[in-house]
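**Student:** this one's structure only:
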């Protein structure tokens with residue numbers, strides 16, 4: 001089954017599950033990579049008053065940001081090699097249907113709002129995700145959402161396979177599952193993911209991510 005994308009919104013996790021998932025991958029990245037600047041995924045549990053934010057940056061110009069607030073969640077992404085990026089569409093086309101509770105996201109500098117190839121949102125009371133209404137090619141990943149959001153399929157193996165390629169290391173299946181399930185971190189779990197670090201050194205990251213201890 002295809003993974004989550006603007007063509008396959010039903011495969012995106014609900015808002016609560018998405019928040020937990022992004023905390024999990026950010027925690028795994030923090031354990032594997034002590035240097036924040038070289039991490040792929042990050043999460044801020046205290047982004048602003050009653051707001052949290054998860055993000056992905058690959059260092060090559062591609063990124064996504066997910067804002068969580070009391071109304072739901074907003075996702076904005078940019079794939080610089082996608083067909084949509086080559087069209088250089090006005091960013092207003094992506095945000096014109098955005099619900100009022102997410103209006104500030106259109107101008108938030110931290111989200112690079114002008115660099116956008118896909119935009120999705122879900123209000124807490126809504127039964128499903130919505131996305132910007134654009135005329136896309138009949139097939140293919142024209143906006144890059146399938147590529148950039150592949151990690152959101154909720155499968156620990158997806159992260160492990162990605163980490164093996166990006167960080168050039170094998171990650172324990174059992175420890176990855178433990179973090180995906182939000183089990184409290186222990187020295188054993190941390191050592192199984194990265195034997196060169198320990199739980200004590202992760203205090204700031206755990207607090208930043210809001211991961212349970």
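**Tutor:** Sure thing, it's come through. Please read all numbers here as calculations on a predicted model, not as lab measurements.

**Student:** and the single longest helix found in the chain, how far from the chain's centre?
**Tutor:** In terms of residue count, the longest helix belonging to the chain (DSSP state H) is helix 15-32. Distance of helix 15-32 from its chain centroid, counting by CA atoms, centre = their mean, to the nearest Å, is 8 Å.

**Student:** so who does the residue nearest the centre of the chain touch?
**Tutor:** With distances taken as CA atoms, centre = their mean, residue 55 lies nearest the centre of the chain, 4.8 Å away. Contacts were defined as CB atoms under 8 Å, 6 or more residues apart in numbering; by that measure residue 55 touches 41-43, 63-66. The way it works is simple: take the backbone N, C-alpha and C, and place the C-beta from them, glycine included.

**Student:** that one belongs to a strand, doesn't it?
**Tutor:** Yes: secondary structure of residue 55, determined by DSSP: H, G, I helix; E, B strand; the rest coil: located in a strand.

**Student:** what pairs with it across the strands?
**Tutor:** With DSSP bridges applied, the residues forming beta bridges to residue 55 are residue 42, residue 65.

**Student:** what segments of the chain are helices?
**Tutor:** In the chain, the helices defined using DSSP H lie at 15-32, 83-87, 92-95, 145-148, 156-166, 173-180, 187-193, 203-209.

**Student:** ok, of the contacts of residue 55, which one's closest to residue 158?
**Tutor:** Nearest to residue 158 among the contacts of residue 55: residue 41, at 12.2 Å, using CB to CB.

**Student:** pLDDT below threshold where in this structure?
**Tutor:** Judged by pLDDT under 70, the chain has its weakly predicted residues at 1, 137-139.

**Student:** tell me which two of the contacts of residue 55 sit farthest apart.
**Tutor:** Based on CB to CB, the longest span within the contacts of residue 55 runs between 43 and 63 and measures 14.1 Å.

**Student:** look at these two and report which has more neighbours.
**Tutor:** Neighbours of residue 43 and residue 63, each counted by other CB atoms under 10 Å, are more numerous for residue 43; the result is 26 against 20.

**Student:** tell me the spacing between that one and residue 143.
**Tutor:** Between residue 43 and residue 143 the distance, using CB to CB, to the nearest Å, works out to 24 Å.

**Student:** and the gap between the residue nearest to the centre of the chain and residue 158?
**Tutor:** Remark: distance between residue 55 and residue 158 (CB to CB) = 18 Å.

**Student:** over to residue 49?
**Tutor:** Counting by CB to CB, the gap from residue 49 to residue 158 is 33 Å.

**Student:** more crowded one of these two?
**Tutor:** Summary of the neighbour comparison: residue 49 and residue 158, criterion other CB under 10 Å, with residue 158 having more neighbours (17 against 6).

**Student:** wait, that one sits on residue 150?
**Tutor:** Yes: in this structure, residue 158 is within contact of residue 150 by CB atoms under 8 Å, at 6.6 Å.

**Student:** contacts only, for the closest residue to residue 7 other than its chain neighbours.
**Tutor:** Using CB to CB, 6 or more residues apart in numbering and skipping residues adjacent in sequence, the residue nearest residue 7 is residue 146, 7.2 Å away. Contacts here follow CB under 8 Å, 6+ apart; on that basis residue 146 touches 2-5, 7-8.
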